[in-house]
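>>> Predicted model, plus sequence, below.
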Amino acid sequence: MEFSFLGIGILSWITFLPIVGMVIVLMMPKDQRDAIRWASLTITALQVVLAFILWQNFDKGLAGINTISGMQFVEKASWIDIKSVAWFGRVHIEYLVGIDGLSVTMVMLTALISFVATISSWNIEKSVKGYFALFLLLDTGMMGVFVSLDFFLFYVFWEVMLLPMYFLIGVWGGPRREYAAIKFFLYTLFGSVLMLLAMIALYFSVNVYIDANGSILSVAQAMAQGTEGLEKIYTFNILAMMDPGNFAPDSLLAGVNTAWRYIAYVGLFVGFAIKIPSFPFHTWLPDAHVEAPTPISVILAGVLLKMGTYGLLRISFPIFPDAMHHYAWGLALLGVISMVYGALVAMAQTDFKKLIAYSSVSHMGVVTLGMASMNTQGMTGAVFQMFNHGTITAMLFLIVGVIYDRAHTRGLNDFGGLMNQMPKYSAIMVVAFFAALGLPGLSGFVSEAFSLIGAFQTFQTLTIIAAITIVLTAGYMLWTLQRVFLGSIPEKWKNLTDVNNRELIMLVPLAVIVIFLGIYPSPVLDLMNSSMNHLAGLVQEASTAAMLGVR
Amino acid sequence: MPEQLLGDITKFLPEITLTVMFLVAICADLMFRKSPQIVAGITLTGLILSGAFVLNQSGMNESIFGNMIAVDPFAVFFKVIILMSAIFVIVFSLSSVELQTASRRLGEYYSLLGGLALGMMLMAGASNLLMMYLAIELSSVSSYILAGFTKEAPDSSEASLKYVIYGGLSSGLMLYGISIIYGLTGSLDIYEINHVLAQGSVSGSALAIAGILTLVGFGYKISAVPFHFWTPDVYEGSPITITAFLSVASKAGGFAVMIRFFKGVFIDPSATHLPEGMWASLSGFEWYHVVAAISVVTMTLGNLVALWQDNMKRLLAYSSIAHAGYMLMGVVVLSNEGLAAILVYFMVYLFMNLGAFYIVMVIANKTGSEDVEDYKGIGKRAPFLGVALTVFLISLTGLPPTAGFIGKLYLFAALLNSGWIWLAIVGALNSVISLYYYAKVLRNMYLRSEASEKKTEMIDIPRVQVATVLVLLVPVIALGLYFTPLVEMAQASVKMFGSP
């Protein structure tokens, strides 16, 4: 293990560092507000450093996805090991983390957005200690989801996020925070119990062999070397679930294109779709975004939404390629509906935050459409769009936060002519808005283009409709710019100050990333390329086989 | 024969200890009227001693007193649950303001708690219908008195009376069911009844009537819908300590006796074609469908009605009804796996439910209120209690990384593995509903603040109470992160005397 410190690997550090930070914060006296803020900032900054190390040492040639040898920075330990009894097999759950091209981008994004959100949290004044403790717990949950390779572990991290998020929206949010917080909580829990059932069903369907040292062998490997000294167990290992050969022949989810596989897929999908959020599960998002404090909106849009699409790519696609193929058109349709619907509703908004919330629904629709194409371009575009949407929308929410801190209103029609009053602010906002509407030369364009090119090969009509949405997006984005920046400035805003240094520190790096990746996207694209190729191949191959009825 | 009896007595030591303790406590109460702590001490000693004897029984698998009582791992597990919760409740009672201000003699209270525990212990082992009935009655009579103990409190006497009336009705019905079974099979011994039934000469419909009537008695004990009507009133009117005890130990006894009845009487011993650990029901009376229906109704109604409650005790009462519904799902699957899931759930439920009740009591000690509305601002006024109650409620909802999740996980796993998928989905959706009312408490504690000035001072609680909360809190988190010992213990405890 090359990248370890104190015997603990780098992925565990990046995941559990915030928990360490949380304990530190909890031990600090309540009135030491600045010390608490700096401690949290240090922790998230360390995460960024670790993410940078991961990025620098990431081997772009390894594909990962369904092979443990293709995963990088893997850490493995036995967590739960319950010996078998006569009527119930051995339970063996591993602490298994590792990253590939799909997750490395998300890990980087999470570190970056958490850092930026911490800076943005500086002017939170209400119960600072509680706020940062919950924030750091949330951070661990997010990071954990992206590094877990064991479904049980994944689920635990997935659920760990719920409670801090509930409190962060509910305690520090706007006037309707109670409603928004409980709505978020109930929606997500509804999705996750369905995911839990699908997870248990998968567990009882997948067999692997375990040897005396605790190494896991697939059925094929065990058959090749003989099952002498091996014990047959069920497993939560996500990689083992991707191998059709591991499904016990008479189990619930064995075979291809069976009704139960479709049902399990739909259960998982609802769990993920609520997080994305895809139409028709999106209604919690505008409420949560509008009521959440700025940094939490940033986290929500920047990272949390990505978990839904990440879950689809990490779990649904490779484990249920047949069901995926069966429902691909439906998935693409939901993506397009989300795009069009999100854009149309965004156009009607007069609240700045709501506008961006609906634009998120629309942009995540692009991701869904891109991945539904099931080819390399579409999926690469989807993952790149996840990354770009994370940075761009984080910027947009920060921008709203900046103006709200000064004017205490988010009404779009209340503003006008800010261009002269706040020039630096306007420059950054123009970058973010043009990136969001997909102007060539900025990062959003590249990923949307990839997604649509990929999607066009599979779904012509839908993609044409989706492409028209770009015009709608340009429409509401430009109209918003016009309403806020152009025209004459109302008398009451004459004393608004431009962005201060703290705000520049959080906004400029994001703007640089957005511009840089727009001109030269390769650094991120290269990271995921081989993984996406491999995933597309895997899904295509499996679904072709399924179509032909091969078992 | 006398040697046999003497041998059996040594296997009856936990119960004998409790009986002796009960008598000593009554005498002590007469001698030391002014200091009920002495009686409490005696009861506590008796419970701990009895617990030591119970632990000594682990691994035994026998039947004593002519098949009256089974001493098997299954009974031992439930005895441990009952004794643990009795010990916790005595500790709770020592710091309960509500009890100290009651004018009745507290010594009686402690000795009756011992008697109640004895009845429940007998329920855990009873393997003869008459013994089952007597054990249920013994525990019921003690709990009637305890429920009305603080008779100055307006609801207490009402609670007690309701409890008696419902109890009388349900035990009457149960006795009728038992008499029909006796008439059909000519025996009260569950093993012999099973033997007669296995020959297949008994009419299915008569058996179904008898089975359902008997189920009324059990349903009353575990407060399953539609036999639950007493629960909210009794839980609200009784002292909190008794409510906590009834919600855990009484349910434990009820589940133990019910599972033993169904598994002992209705399981087909000749079904050997099944995989190990699965059972088959005798044809004629498909009782598990009845239990499945009761389970669905119980959890759904418990959760839905809990949504409207604004008294913490009532809220937790309905929540405990819902939890009985979850646990009933484990009975339906007819396998050791389902049984193990119930046992896992019970151990977890012991900690999280007692913990929630204890915090309600500690807060009521200070604020004098059990109203959910009066929890506003508690998160600020008592940070430790707030966090602890949050963990207990989250665990009751079943979210990781708390132990409540492990309980639900094993239940759902048992259901999915045996094909009861619709029931698993109903159970899962129910836990989403339950989140709403648990979150209501969280909302009041943290999201809302008390408007009036005088209710903002900090609530200080003694060290002992902090320690008690921690003893309950640590297992809830630790067992959620590392549940190997819990599951191993549950899996070792599914063995019942006389069953394959």
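Looks like it came in fine. Numbering: from 1, shown residues only, chains lettered A, B, ... in the order given.
>>> from here on, contacts and neighbour counts on C-alpha atoms
Will do.
>>> count of residues packed around the residue in the stretch 1-150 of chain B that chain A sits nearest to?
For the stretch 1-150 of chain B and chain A, the shortest gap (C-alpha to the nearest C-alpha) falls at B:P73, measuring 14.8 Å. When neighbours are counted by other C-alpha atoms under 10 Å in any protein chain shown, B:P73 registers 25.
>>> lowest confidence element among the helices and strands of chain B?
Averaged element by element with mean pLDDT, DSSP states H and E, chain B has its least confident helix or strand at helix B:97-101 (a mean of 79).
>>> Identify the residues contacting that one?
The list of residues contacting helix B:97-101 from outside it, by C-alpha atoms under 8 Å, 6 or more residues apart in numbering or on different chains, reads B:S93, B:L106, B:T150, B:P239, B:N365.
>>> Could you point out the helix or strand that follows it?
helix B:106-125 (DSSP states H and E).
>>> buried sites along that following helix?
Neighbour-count burial for helix B:106-125, with 16 or more other C-alpha atoms under 10 Å in any protein chain shown as criterion, is recorded at B:106-125.
>>> okay, now the nearest residue to A:T368 once chain neighbours are set aside: neighbour count?
Sequence neighbours aside, A:G335 is the residue nearest to A:T368 in space, at 5.0 Å (criterion: C-alpha to C-alpha, 6 or more residues apart in numbering or on different chains). Under the neighbour criterion other C-alpha under 10 Å, A:G335 is assigned a count of 28.
>>> Then B:G172?
The criterion is other C-alpha under 10 Å. On that basis, B:G172 has 16 neighbouring residues.
>>> Just give me the least confident of the contacts of helix B:97-101.
Of all the contacts of helix B:97-101, the one the model is least sure of by pLDDT is B:T150, with 76.
>>> Near it, how many other residues are there?
Count around B:T150 with other C-alpha under 10 Å applied: 22.
>>> which element is it on?
Using DSSP H and E, B:T150 is not contained in any helix or strand.
>>> Show the model's pLDDT score for the spatially closest residue to it that is not a sequence neighbour.
Counting by C-alpha to C-alpha, 6+ apart, the nearest residue to B:T150 once its immediate chain neighbours are dropped is B:A102, at 5.6 Å. Reported pLDDT at B:A102 in the predicted model: 70.
>>> go on, the one 3 residues further on?
Note on B:R105: pLDDT of 75.
>>> And the one 5 residues further on, by the same measure?
pLDDT recorded at B:Y110 is 88.
>>> ok, now which ones touch residue 442?
Since no chain was named, I'll use chain A. Per C-alpha under 8 Å, 6+ apart, neighbours of A:L442: A:F434, A:A435, A:V514, A:I515, A:F516, A:L517, A:G518, A:I519.
>>> nope, chain B please
If you count contacts by C-alpha under 8 Å, 6+ apart, then B:L442 has B:T390 around it.
>>> what packs against the helix or strand hosting B:S160?
Using DSSP H and E, the element containing B:S160 is helix B:154-185. The criterion is 3 or more C-alpha pairs under 8 Å, 6 or more residues apart in numbering or on different chains; DSSP states H and E, and the helices and strands that helix B:154-185 contacts are helix B:129-147, helix B:190-198, helix B:204-221, helix B:230-237.
>>> Of those helices, flag the one that's most buried.
helix B:230-237 (a mean of 24; mean count of other C-alpha atoms under 10 Å in any protein chain shown).
>>> so that helix versus helix B:154-185, what angle?
Using axes from the mean of the first three to the mean of the last three C-alpha atoms, to 10 degrees, one finds that helix B:230-237 and helix B:154-185 are set 150 degrees apart in direction.
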